[in-house]
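# what's the 3D shape of this:
(chains A and B)
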Amino acid sequence: MKSVVTTVVTAADAAGRFPSTSDLESVQGSLQRAAARLEAAEKLAANLDAVAQEAYNACIQKYSYLNNAGEANSTDTFKAKCLRDVKHYMRLINYCLVVGGTGPLDEWGIAGQREVYRALNLPTAPYVEALSFARNRGCAPRDMSAQALTEYNALLDYVINSLS
Amino acid sequence: MLDAFSRAVVNADASTKCIGGDELASLRSFVAEGNRRLDAVNAIASNASCMVSDAIAGMICENQGLIQAGGNCYPNRRMAACLRDGEIILRYVTYALLAGDASVLEDRCLNGLKETYTALGVPATSTIRAVQIMKAQAAAHIKDQPSESFAGNRLRKMGSPVVEDRCASIVAEASSYFDRVIAALS
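A predicted model of the protein is given here:
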């Protein structure tokens, strides 16, 4: 799982040396930013269902054709699965905020994403719309502190880029 | 390889839960004690070669047969291999302490170590003794609390204590990684 600490340890191990002062400096840099990341993770975890529901509603409103018979949001089962997918991305963003890197998104969200959506014949534009809505919905200091919001938005941008 | 944060994530993912409340509290204390951890890693890394040679020397002092003809630290070539292995074990313990998780130690060092040593005829009791000495040294370096009774007239005080509890939690954590090495070898 890629994070600042594992990257530092992997590099030190490849060279066969003990952690150097500069290694420790980079870990300290990550720990200093951790407070904001953990705050964002906490706020997101507490409100994840509401955030995902709003994002889902926004994307279905924009792409209302998805409700037509035969489309991806046509039945109750499909609707539940669409909402679940948005929640899934939000949960992975929560994990990335905790880890302090994009490891969880890379390994569990983005790897194989294109192939799965192509095989299931799902459009990615609605996902982009849902996540973009969430990206522009967060507000500091109403939802979380400014630094925490920056970290949260950066990860949403990362997912949006992976889908577009 | 995992660290304390990704360990929490992997555990949460197993039950598709978000990380909130309780798990975050323990991670926050990890962050709050981050500087202690970095100082502890620095204390071990800065004294590594001294710690390793002292541990191996102590092991040999207690068992002189190791450096006599036929012993496992005779001739110099095998003594050098012994010192190298001591440093490798200490290095992976340091990585585990930095990461706050034993996975790097388990995956990259301890997995198959006992079998390798058995095949090479390296005596487990002597290896364990050297690791035990390194465990005591690591605790001493992290605590940085030299006393008259141990050091005698060579006592040097290296500055005032930063925290009153002498990083007791980090000492316990480092000792637990050395205990893993001992358990893997016995």
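# could you say which helix or strand contains the residue of chain A found nearest chain B?
Chain A approaches chain B most closely through A:Ala45 (3.3 Å), counting by CB to the nearest CB. For the C-beta atoms, the positions are set from N, CA and C on the backbone; glycine is no exception. According to DSSP states H and E, A:Ala45 maps onto helix A:21-62.
# For chain B, just list every one of the helices.
B:4-14, B:21-32, B:34-46, B:48-62, B:76-99, B:103-105, B:113-120, B:124-143, B:148-151, B:168-185 (DSSP state H).
# In TSV: the ones you listed, plus mean pLDDT, mean neighbour count and distance to chain A.
Output for the helices of chain B, formatted as TSV (pLDDT from 0 to 100; neighbours: other CB atoms under 10 Å in any protein chain shown; distance: least, CB to the nearest CB, whole Å):
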stretch	mean pLDDT	mean neighbour count	distance to chain A
helix B:4-14	92	19	4
helix B:21-32	90	14	4
helix B:34-46	93	20	4
helix B:48-62	95	18	5
helix B:76-99	96	20	5
helix B:103-105	95	22	6
helix B:113-120	95	12	16
helix B:124-143	94	20	13
helix B:148-151	80	9	25
helix B:168-185	95	18	13
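# show me what contacts the closest residue to the residue of chain A closest to chain B other than its chain neighbours?
Nearest residue to A:Ala45, sequence neighbours excluded (CB to CB, 6 or more residues apart in numbering or on different chains): B:Gly20, at 3.3 Å. Contact analysis of B:Gly20 by CB atoms under 8 Å, 6 or more residues apart in numbering or on different chains lists A:41-42, A:45-46.
# Go again with 10 Å.
The contact partners of B:Gly20, by CB atoms under 10 Å, 6 or more residues apart in numbering or on different chains, come to A:41-48, A:94, A:98, B:12.
# Just the buried residues out of those residues, in ChimeraX syntax.
The buried residues among the contacts of B:Gly20 can be selected in ChimeraX (16 or more other CB atoms under 10 Å in any protein chain shown) with this line:
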select /A:41,42,43,44,45,48,94,98 /B:12
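# Would you quantify the distance from the residue nearest to A:Ala45 to B:Ala12?
Distance, B:Gly20 to B:Ala12, using CB to CB, to the nearest Å: 9 Å.
# Give me the common contacts of those two.
In contact with both B:Gly20 and B:Ala12: A:45, A:94, A:98, using CB under 10 Å, 6+ apart.
# State the pLDDT value of the first one.
In this case it means A:Ala45. The pLDDT attached to A:Ala45 in the predicted structure is 93.
# Tell me if I'm right that it and B:Leu24 touch.
Yes - A:Ala45 is within contact range of B:Leu24, at 7.9 Å (criterion: CB atoms under 10 Å).
# Report the set of residues contacting both of these two.
A:Val98.
# quick check: angle from the helix holding A:Ala45 to helix B:34-46?
Helix A:21-62 and helix B:34-46 are oriented at 140 degrees to each other (axes from the mean of the first three to the mean of the last three CA atoms, to 10 degrees).
# Show me what helix A:21-62 is packed against.
On a contact count with 3 or more CB pairs under 10 Å, 6 or more residues apart in numbering or on different chains; DSSP states H and E, helix A:21-62 meets helix A:4-15, helix A:76-99, helix A:125-137, helix A:146-163, helix B:4-14, helix B:21-32, helix B:34-46, helix B:76-99.
# Tell me which of these approaches B:Ile182 most closely.
Closest of the helices and strands packed on helix A:21-62 to B:Ile182 is helix B:76-99, at 10.3 Å (criterion: CB to CB).
# Report the backbone C-alpha coordinates of that closest one in CSV.
What follows is helix B:76-99, C-alpha atoms only, in CSV (Å, rounded to 0.1, in the frame of the first residue of the first chain):
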residue,chain,number,x,y,z
ASN,B,76,36.8,-14.0,9.8
ARG,B,77,34.6,-14.7,6.8
ARG,B,78,31.9,-16.2,9.0
MET,B,79,32.3,-13.6,11.7
ALA,B,80,31.7,-10.9,9.0
ALA,B,81,28.6,-12.8,7.9
CYS,B,82,27.4,-12.8,11.5
LEU,B,83,27.9,-9.0,11.8
ARG,B,84,26.2,-8.4,8.5
ASP,B,85,23.1,-10.5,9.6
GLY,B,86,22.9,-8.6,12.9
GLU,B,87,22.8,-5.3,11.0
ILE,B,88,20.1,-6.6,8.6
ILE,B,89,17.9,-7.7,11.5
LEU,B,90,18.4,-4.4,13.3
ARG,B,91,17.6,-2.5,10.0
TYR,B,92,14.3,-4.2,9.5
VAL,B,93,13.3,-3.7,13.1
THR,B,94,14.1,0.0,12.5
TYR,B,95,11.8,0.0,9.4
ALA,B,96,9.0,-1.6,11.4
LEU,B,97,9.4,1.0,14.1
LEU,B,98,9.3,3.8,11.6
ALA,B,99,6.2,2.4,9.9
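# how much does it deviate in direction from helix B:4-14?
70 degrees.
# dump the residue contacts of the nearest residue to A:Ile110 once chain neighbours are set aside.
Counting by CB to CB, 6+ apart, A:Ile110 lies nearest to A:Ser162, which is 4.7 Å off, once chain neighbours are set aside. A:Ser162 makes contact with A:89, A:102, A:105-106, A:109-111, A:113-114, A:124, A:127-128, A:131 under the criterion CB under 10 Å, 6+ apart.
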